[in-house]
Each structure stands twice: as structure tokens, then as C-alpha cells.
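Asker: no sequence for this one, just the structure:
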């Protein structure tokens, strides 16, 4: 009897050692973190000054975004005179750069538990606005054997798919049921929204 009991206890302890961490992780699953554009900025990643010849991945994407892309200055638009005036007319409870109504499209507005240590909302509309939270696939996707499909399985948004890309753009450039530019915002001075994927894509810095 004691031998049987000890045998069961031994098997249970082995199960606990190997299986329990996975079960517990599933119960208290941490949200995938947004870690900010700085994680892509190394010269060997996407921060090269010059594009890599003959490659679809130019590796200067971060440099292009920070220097030429208006999305990188979306947050700063809230801190200027126009942003302050609109916030004042709308009688927001906070400054424009602190208001969820404005940050929903002028930054990467997400919950605190989804923000990694390096995350800064002041960096505007950055890589992860379009590509999704990078913590799950950032390190792995730099390896030679890693496929695009593996990144997609871990939460990367498939911007190569024109429908998914358009949907992602339209979340802010047209709006959703949860965030949109209404008549009050336009009357307060916010530009009216218009969007056409092909022409907008053509003038975007590659």
C-alpha cells in the first residue's frame, strides 16, 4: 500500500514539475507586450541609413519612419497650438496629448499591462500600430529559418495582404464604431478624414 502511494506521489511530482508551469501560464496568461519602435532601430535590423540592395526588406524602415513619415509626428500634433485649441473647444477633461479620444489615433493607445518597459506613447504612430505587438516574435523573426507565417501565428498583422493592410489604415483614417472623428471634432478644427489606399500608399515613404 505504501509502495503504491509513493509511486503515485512520485508520478504526481513529475507531472507537477513538467506540466504545471504550462497549465498555470495558461490560466494567468500575460498579454503580449508592445515594446516600442526602438526595438527595431538597430542598424542590422531596420535602422540602417541606406537601403539594402536587392532585398524586399530594405532594413532602413525605422530610419525612414523617424525622418520622413508623418506618422512618427502624430503625437506631436496634439501638443501644438492646434491640438490645444481643439481640446479647449471640445472641453476635454485632459490635455489633447493625455486624452483617450485623441490618443486613440495619434499614438499607440493600449492598456498599461500591454506596455513593455521601453514603450512610450509619445513616439506616435509607430511600427506596432500596423504590425502588432512585437514581444512575441521580435527575437525569433531575425533568424534565417524563421518564416513570415510563424510571425503571423504569434500575432503579427499581415500587412502584405492588401485587405488586412487597408483595414489597419482605415481604423484611424476612416474610423471604427469605437473611435472616429465626429461632427463636434470637425467643428472644433480637426481636419475632415478622407482616405484612398492606393494614392496614400504611393506618397508614403517606402
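Answerer: Thanks, I have it. Values in this document were obtained by computation on a predicted structure and should not be read as measured data.

Asker: From here on, just use CA atoms for contacts and neighbour counts.
Answerer: Fine.

Asker: Distance from the chain centre to the helix or strand containing residue 199, please.
Answerer: When elements are assigned from DSSP states H and E, residue 199 belongs to helix 197-203. Here helix 197-203 shows a centroid-to-chain-centroid distance of 21 Å under the convention C-alpha atoms, centre = their mean, to the nearest Å.

Asker: contacting residues around it?
Answerer: Under the criterion C-alpha atoms under 8 Å, 6 or more residues apart in numbering, residues residue 166 lie in contact with helix 197-203.

Asker: give me that answer again for 10 Å
Answerer: 162, 165-167, 169-170, 173 (C-alpha atoms under 10 Å, 6 or more residues apart in numbering).

Asker: Over to stretch 43-51?
Answerer: 37-42, 57-66, 142.

Asker: Show me which helix or strand of this protein is least confident by mean pLDDT.
Answerer: Using mean pLDDT, DSSP states H and E, the weakest-scoring helix or strand in the chain turns out to be helix 20-27, at a mean of 40.

Asker: could you point out which element follows that one?
Answerer: Assignment by DSSP H and E places the next element after helix 20-27 at helix 61-68.

Asker: Which positions in that following helix come out as buried?
Answerer: 61-66 (16 or more other C-alpha atoms under 10 Å).

Asker: Looking at those residues, which is nearest residue 146?
Answerer: Using C-alpha to C-alpha, residue 61 is the member of those that sits closest to residue 146, with 19.6 Å.

Asker: Leaving out chain neighbours, which residue sits closest to residue 75?
Answerer: residue 124 (4.6 Å; C-alpha to C-alpha, 6 or more residues apart in numbering).

Asker: any idea how far that neighbour is from residue 144?
Answerer: 31 Å (C-alpha to C-alpha, to the nearest Å).

Asker: what do you get for residue 41?
Answerer: The value you get for residue 41 to residue 144, if C-alpha to C-alpha is used, is 19 Å.

Asker: Specify which residue of the two has the higher count of neighbours.
Answerer: residue 41 (18 against 7; other C-alpha atoms under 10 Å).

Asker: who's in contact with that one?
Answerer: Contacts of residue 41 (C-alpha under 10 Å, 6+ apart): 47-48, 59-63, 66.

Asker: Could you double-check that residue 100 sits in contact with residue 121?
Answerer: No - the criterion here is C-alpha atoms under 10 Å, and residue 100 misses it with residue 121 at 11.5 Å.

Asker: overlap in contacts of the two?
Answerer: With C-alpha under 10 Å, 6+ apart, residue 100 and residue 121 have common neighbours 106-107, 109-110.

Asker: any chance you could map the helices in the protein?
Answerer: Counting by DSSP state H, the chain has helices at residues 2-18, 20-27, 61-68, 76-79, 81-90, 100-106, 127-131, 148-153, 162-173, 183-187, 197-203.

Asker: Residue 111 and residue 206: what is the separation?
Answerer: From residue 111 to residue 206 the distance is 30 Å (C-alpha to C-alpha).

Asker: same question, residue 89
Answerer: The value you get for residue 89 to residue 206, if C-alpha to C-alpha is used, is 37 Å.

Asker: quick one on the thing from earlier: which two among the contacts of residue 41 are spaced furthest apart?
Answerer: 59 and 66 (13.4 Å).
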